[in-house]
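Colleague: using only what follows, build the 3D model:
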Amino acid sequence: MTQILYSKPIVDLEVGELKKAIQALNSPPKLKVILVGSNPSSKIYVRRKKEFCEKIGAECEIIRKNDDFTPEELKTLLKEINQDDSVNGCLVQLPLPAQFDGFDFQELISPQKDVDGFHKDNIFSIYKKTSGEFLLPCTPIGIIKLLEHYKISAKCKNVVIIGRSLIVGKPLSMMLSNLDATVTLCHSKTNNLRALTNQADIIISAVGEPRFLTSDYFNDSKDQIIVDVGISSMKNNKITGDVDFENVKDKVNSITPVPGGVGPMTILSLAKNLVKSAQIQRTNKKA
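Modeller: Take a look at the predicted model:
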């Protein structure tokens with residue numbers, strides 16, 4: 001029988017640990033989320049982040065800006081947040097309006113407050129296989145935590161990642177490589193994608209195209225592991241992932257659902273990064 005890789009058991013376990021960690025800090029960590037524009041999905045994501053922070057006893061302030069907010073204004077706002085010792089974490093909700101195209105705001109966030117894990121110092125720690133005071137990208141570390149919980153090892157496995165974004169595909173490929181997986185990073189111009197996914201032990205899709213991966217992308221061994229990062233809204237207001245779940249689930253060993261799979265793991269990882277950032281900052285302040 002196919003194993004459905006639900007995130008809820010992991011989140012339920014981790015919530016208690018995060019609450020204890022926050023109590024040990026003596027004061028709640030604070031996150032500031034910058035929301036620019038009126039993207040409906042962004043509003044939902046931001047609300048969920050705030051709700052989860054409050055659930056574990058952390059504070060979350062949403063800073064809302066109109067569509068005409070400028071890169072220079074964002075630069076000034078991030079500088080203020082960096083200098084505010086009461087703020088432990090900061091993130092800018094994506095996507096941003098067109099005027100931000102090519103604007104590398106992530107480097108303007110202090111690496112110790114970069115709870116998304118996208119600052120070059122945090123990313124480079126993956127490249128160097130360095131552990132310590134680094135905040136790792138939320139979705140990739142959430143995926144690895146999900147696999148570990150279900151005792152799915154990436155070691156010596158052939159892993160195909162579909163999607164080469166800086167948010168998921170590229171950092172995840174490095175992190176899995178550090179776990180001794182053999183990783184193939186695919187994208188929209190990859191030839192013979194079906195041939196690659198058919199040969200893979202683990203397939204991770206972050207394409208963002210609803211039901212893109214149909215049953216013919218997978219072999220008949222029923223041994224493959226599928227991690228679906230994609231999330232799309234259909235006309236009937238239902239949420240679906242990159243994988244044609246109903247027609248694929250009986251053909252594989254394990255698969256993440258959408259919703260209820262990778263999404264909550266990303267928010268959990270964000271909260272863990274916030275707590276870690278507070279711990280790092282308070283330790284450094286005492287030193």
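
Colleague: quick one: buried residues of the strand or helix carrying Asn198?
Modeller: Per DSSP states H and E, Asn198 falls inside helix 193-199. By neighbour count with 16 or more other C-beta atoms under 10 Å, helix 193-199 contains the buried residues Leu193, Leu196, Thr197, Asn198. (C-beta placed from N, C-alpha, C; glycine too.)

Colleague: ditto for stretch 176-186
Modeller: Buried residues in stretch 176-186 (16+ other C-beta under 10 Å): Leu176, Ser177, Leu179, Ala181, Val183, Thr184, Leu185, Cys186.

Colleague: I'd like the distance between the first one and Ile202.
Modeller: Going back to what we said before, that points to Leu176. Distance, Leu176 to Ile202, by C-beta to C-beta, to the nearest Å: 8 Å.

Colleague: then Cys53?
Modeller: Cys53 sits 31 Å away from Ile202, going by C-beta to C-beta.

Colleague: likewise for Val252?
Modeller: Per C-beta to C-beta, Val252 is found 10 Å from Ile202.

Colleague: which residues are in contact with each of these two?
Modeller: Jointly contacting Val252 and Ile202 under the rule C-beta atoms under 8 Å, 6 or more residues apart in numbering are Gln224, Ile225, Ile226.

Colleague: now do the helix or strand bottoming out on mean pLDDT in the chain: everything it contacts.
Modeller: Between all helices and strands in the chain, the lowest mean by mean pLDDT, DSSP states H and E belongs to strand 232-233, at a mean of 83. By C-beta under 8 Å, 6+ apart, the residues outside strand 232-233 that reach it are Ser41, Gly208, Glu209, Pro210, Ile239, Thr240, Gly241.

Colleague: next secondary structure element downstream of that strand?
Modeller: Once strand 232-233 ends, the next helix or strand along the chain (criterion: DSSP H and E) is strand 239-240.

Colleague: partners of that next one in the sheet?
Modeller: According to DSSP bridges, strand 239-240 has the following sheet partners: strand 232-233 (antiparallel).

Colleague: next one: the least confident helix or strand of the chain to chain centre, how far?
Modeller: 17 Å (C-alpha atoms, centre = their mean, to the nearest Å).

Colleague: now stretch 265-273
Modeller: 8 Å.

Colleague: can you tell me what sits against it?
Modeller: The contact list for stretch 265-273, computed with C-beta under 8 Å, 6+ apart, reads 7, 10-11, 14, 18, 48-49, 52-53, 56, 58, 89, 91, 115-117, 135-136, 138-139, 141-143, 145-146.

Colleague: need the buried ones from these selected in PyMOL.
Modeller: Selecting only the buried entries of the contacts of stretch 265-273 in PyMOL, with 16+ other C-beta under 10 Å as the criterion:
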select buried, resi 7+10+11+14+18+49+52+53+56+58+89+91+115+116+117+135+136+138+139+141+142+143+145+146
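
Colleague: just the ones of the contacts of stretch 265-273 in strands?
Modeller: Using DSSP state E, the subset of the contacts of stretch 265-273 located in strands is Gly89, Leu91.

Colleague: mind listing the helices for the stretch 151-287 of the chain?
Modeller: 169-178, 193-199, 245-248, 262-286 (DSSP state H, counting those that start in this stretch).
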